[in-house]
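*Asks:* Below is the sequence, then the predicted model.
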Amino acid sequence: MINCEMGSESSIIEKIKPIEGVKEVLGVFGNYDVLVKIQSSKIDEIRRTIVANIRSIDKIRCTTTLMCAN
């Protein structure tokens, strides 16, 4: 779940879509601005995707991660 600067939602969504492991990206309303679904069998890959690829995008203020196991 991502909080970003007002008006930057669309550009952030477009930057996140091609990232490896990203299965879904949605603009949402409420406490968060963008919802991202990442899928991987390895926690380290998920961590790397969030830290190196998503959090480094300009105009992202903060992220909150919820991990689920199947």
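*Replies:* Sure, I can see it.

*Asks:* In the longest helix anywhere in the chain, which of the residues would be classed as buried?
*Replies:* If you go by DSSP state H, the chain has its longest helix at helix 9-16. By neighbour count on 16 or more other Cβ atoms under 10 Å, the buried set for helix 9-16 is 9, 12-13, 15-16. Where C-beta positions appear, they are placed from N, C-alpha and C, glycine not excepted.

*Asks:* Which elements pack onto it?
*Replies:* In terms of contacts (3 or more Cβ pairs under 8 Å, 6 or more residues apart in numbering; DSSP states H and E), helix 9-16 is packed against strand 22-27, strand 34-38.

*Asks:* Compute the distance between the residue nearest the centre of the chain and residue 3, please.
*Replies:* Nearest to the mean C-alpha position of the chain, by Cα atoms, centre = their mean, lies residue 36 at 4.3 Å. For residue 36, the distance to residue 3 equals 12 Å [Cβ to Cβ, to the nearest Å].

*Asks:* can you check residue 53 too?
*Replies:* According to Cβ to Cβ, residue 53 stands 17 Å off from residue 3.

*Asks:* Same check on residue 51?
*Replies:* Distance, residue 51 to residue 3, by Cβ to Cβ: 16 Å.

*Asks:* tell me how far the ends of stretch 54-69 are from each other?
*Replies:* Criterion Cα to Cα, to the nearest Å; first-to-last residue distance in stretch 54-69 is 21 Å.

*Asks:* Quick check: buried residues in that stretch?
*Replies:* For stretch 54-69, burial by neighbour count (16+ other Cβ under 10 Å) applies to 54, 57, 60, 63.

*Asks:* what's the most distant pair in those?
*Replies:* Pairwise distances across these (Cβ to Cβ) peak at 9.9 Å, for the pair 57 and 63.

*Asks:* Low-confidence bits of the protein, can you list those?
*Replies:* The model of the chain has no residue with pLDDT under 70.

*Asks:* redo that, cut-off 80
*Replies:* Along the chain, the parts satisfying pLDDT under 80 run over 70.

*Asks:* For the residue lying closest to the residue nearest to the centre of the chain once chain neighbours are set aside, give its distance to residue 53.
*Replies:* Counting by Cβ to Cβ, 6 or more residues apart in numbering, residue 36 lies nearest to residue 25, which is 5.2 Å off, once chain neighbours are set aside. With distances taken as Cβ to Cβ, residue 25 is found 12 Å from residue 53.
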